[in-house]
Structure formats: C-alpha cells, structure tokens
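In: next comes the sequence, and after it the predicted model I'd like to discuss.
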Amino acid sequence: MMDSMYGAVELGLLYALMALGVYITFRILDFPDLTVDGSFTTGGAIAAILISHGYSPILACLAAFAGGLAAGACTGLLHTKGKINGLLSGILMMIALYSINMRIMGKPNISLLGADTLFSTVKPITIVLIIVVVLKLLLDAFLHTDLGLALRATGDNARMIRSFGANTDRTTILGVSLSNGLVALSGALIAQQSGFADISMGIGMIVIGLASVIIGEAIFGARTVFQATLAAVLGSIVYRIVVALALRVEWLNASDLKLITAIIVIIALVVPSVQRSFKQKATAKRRSAELIARALQTNKGGGR
C-alpha cells in the first residue's frame, strides 16, 4: 500500500508540470488548447532520441522544452494570425505533431534502458520535487511581471486590454508556447522515469491535466496566483492517488484507467456546480424568508 502511494506521489509530481501548462491555457488564457496531447509526446520523443544518442539528460530536457515552445507557438500563430478557431488550431497542431513525432523518433518506440538519465543515480521524487518547486515559483514570479499581468488580463478581457494598447496576439502566443513548453518538459521527465518514449504516450493527457487543475481548485482553492499554481501541483498528486486507490478495487483493471479518469473529471466538475446550486437555493430561501418577515412586521405596524 505504501509503495503504491509513494509511486502515486512520484507520478503526480512528474505530471505536475503538465498540469501547470494546462492551467496557463485553460484558466489564465481561457484558451481550449488540445495541442497538449501532441506536445507531451514531442517532449518525450526529443528527450529519448537525444539521450539514446549519448547527449546529456539536462540538454535533452532543455531541448524538449524548446520543442514544446515551438509547438505552442505554431498553435498560437494559427489562432492569432491565421484567424483559426482556438479549439480547431489545437486539434490541427495535435494531428500534425503525430507525424512530426514519428519523424523525430524514427520508429514508434524508443527504449532508454541502460542509458544515463536524470534519475540514474538519484531517486526521481527528489529531482522532480526540486524541478517542480523551482518552476512553480518562477511561473508565479513571471505572472506578477508586467508581461505576466498582460497575459492574465488577456484571458480575463482581451478587448479591454487591447484598448490600453497591449498586443493580445503576442500574449496569447506567449501563453500557449509557455504552456506547451511545460507539457513537453513533463513528457521528457516521464520518458526518462519510465525508460522509454512511445508515439502514443500523449493520448488523453489533456483530460488528465484538466482533472488535476479542477480537482486542485475544488480542494485547495484558487484565490491567488500562488494558490492556483499550488492547487494545480497538488491536484496532480491527488489525482494520481485517487487513480492508485481506484485500481486497487478488485473488479477494476489497468485497462480501465481512461474510464476512471473520465469519472474523476465528471465528479470534479459536477460536485462544485451542485454545491453552488444548493448555496444559491439556500440563499434565495433565506432572503425570501427575510422579505416575508419584514412584510409581516410592516403589516402589523400598519394595523396598529
């Protein structure tokens, strides 16, 4: 039991960078970016091919991050300069990345067994914890700069920020690029931790990222930037723990992982909306009762 929980926390941290990337597009920019499924594989493919050819794992991670930035920039350009719908831009780029990733890898699967990776000498959880904390704090600092504030304002009200002379196309491209850079870096770390990169390793990543963000916000809240990014990281860990616990149920198999993910996302989306509905109804009833009480008091006063 403890081993499975330890493994869940480790996986949660590995996927936390992807959750941060999804948070940037879906929460800050309000941009439905489906490039994630392709850029995650891009990061794993670039890291795997470089490490298997004897390059440094750190260089491989940086190259993977750069590859994610490029993929995100293409999606942003399709949307802002090509005037293509944001959702369709992500889908088109995701489809294109499948072929690009095959070109990078040269074959559907690359093994890293026996190769020197970031985790060859040190426990993965130690290195990943440091990487996640550093990048989370850097992201927090960036979102408080003038450019970061412009990025946040673009997601809140693009028309208003344009009226102040800000270039929303530039901030959108920057946000989508940064998001996919983090996603690709997560893919590079996952490839090194699992010992291989596969052409299909990115399928369903957008759902997992959304689940992490939604669960984190529902449990830990998102009132400030620091709290929101922390919620995305912790949400990724909680999601992995929930999946690990679900897979321990006798009648569930490892092949049911996608079904479990879908159910977790549904619950995470439905529960907060049901809670809000109950609160609104309770508030409406309380106000109605107060109005009736005031009316009765007024009538009594008039009768006297």
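Out: Cool, the structure landed.
In: residues contacting the closest residue to V207 other than its chain neighbours?
Out: Distances taken as CB to CB, 6 or more residues apart in numbering put T261 closest to V207, at 5.7 Å, once the chain neighbours are dropped. From N, CA and C alone the C-beta is placed, and that goes for glycine too. Neighbouring residues of T261 by CB atoms under 8 Å, 6 or more residues apart in numbering: G204, V207, I208, A211, V243.
In: can I get those residues in CSV including secondary structure and distance to V9?
Out: As requested, the contacts of T261 are arranged in CSV below (DSSP: H, G, I helix; E, B strand; the rest coil; distance: CB to CB, whole Å):
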residue, secondary structure, distance to V9
G204, coil, 21
V207, helix, 21
I208, helix, 16
A211, helix, 16
V243, helix, 12
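In: just give me the closest of the residues you listed to S273.
Out: A211 (15.7 Å; CB to CB).
In: mind checking the SS state of the residue lying closest to that closest one once chain neighbours are set aside?
Out: Taking CB to CB, 6+ apart, and ignoring the residues beside it in sequence, A211 has V265 as its nearest neighbour in space, at 4.6 Å. At V265 the chain is in helix, as set by DSSP: H, G, I helix; E, B strand; the rest coil.
In: number of residues surrounding V265?
Out: The tally of other residues near V265 (other CB atoms under 10 Å) stands at 18.
In: distance of it relative to L14?
Out: 19 Å (CB to CB, to the nearest Å).
In: try V243
Out: Here the criterion is CB to CB. By it, V243 lies 13 Å from L14.
In: what of G7?
Out: Taking CB to CB as the criterion, G7 is separated from L14 by 10 Å.
In: looking only at neighbour counts, state which of these two leads.
Out: Each of G7 and L14 had its neighbours counted (other CB under 10 Å), and the higher figure belongs to L14 (23 against 15).
In: so the more buried one is in which element?
Out: Of the helices and strands defined by DSSP states H and E, L14 is found in helix 2-23.
In: other SSEs contacting that helix?
Out: helix 36-52, helix 124-143, helix 168-194, helix 205-220, helix 225-247 (3 or more CB pairs under 8 Å, 6 or more residues apart in numbering; DSSP states H and E).
In: OK, contacts around L17?
Out: By CB under 8 Å, 6+ apart, the neighbours of L17 are I131, V132, L135, L182, V183, L185, S186, L189.
In: redo that, cut-off 7 Å
Out: Taking CB atoms under 7 Å, 6 or more residues apart in numbering as the contact definition, L17 lies against V132, L135, L182, L185, S186.
In: how about those in JSON lines, adding pLDDT, distance to S163 and neighbour count?
Out: Compiled in JSON lines, those are given as follows (pLDDT from 0 to 100; distance: CB to CB, whole Å; neighbours: other CB atoms under 10 Å):
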{"residue": "V132", "pLDDT": "94", "distance to S163": "37", "neighbour count": "23"}
{"residue": "L135", "pLDDT": "95", "distance to S163": "33", "neighbour count": "18"}
{"residue": "L182", "pLDDT": "96", "distance to S163": "30", "neighbour count": "28"}
{"residue": "L185", "pLDDT": "96", "distance to S163": "35", "neighbour count": "28"}
{"residue": "S186", "pLDDT": "95", "distance to S163": "36", "neighbour count": "33"}
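In: and these as CSV, adding distance to T168?
Out: Written out in CSV, the entries for those read as follows (distance: CB to CB, whole Å):
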residue, distance to T168
V132, 30
L135, 25
L182, 21
L185, 26
S186, 27
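In: residues near Q297, how many?
Out: Counted by other CB under 10 Å, the residues lying close to Q297 total 10.
In: okay, it and R287: tell me how far apart.
Out: With the distance defined as CB to CB, Q297 ends up 16 Å from R287.
In: likewise R240?
Out: In this structure, R240 and R287 are separated by 42 Å, where distance is defined by CB to CB.
In: between these two, which one's more packed in?
Out: Legend: neighbour count by other CB under 10 Å for R240 and R287, higher for R240 (23 against 10).
In: and among the helices and strands packed on helix 2-23, the most buried is which?
Out: Burial among the helices and strands packed on helix 2-23, expressed as mean neighbours by mean count of other CB atoms under 10 Å, is greatest for helix 36-52, which shows a mean of 29.
In: sweet, I'm off.
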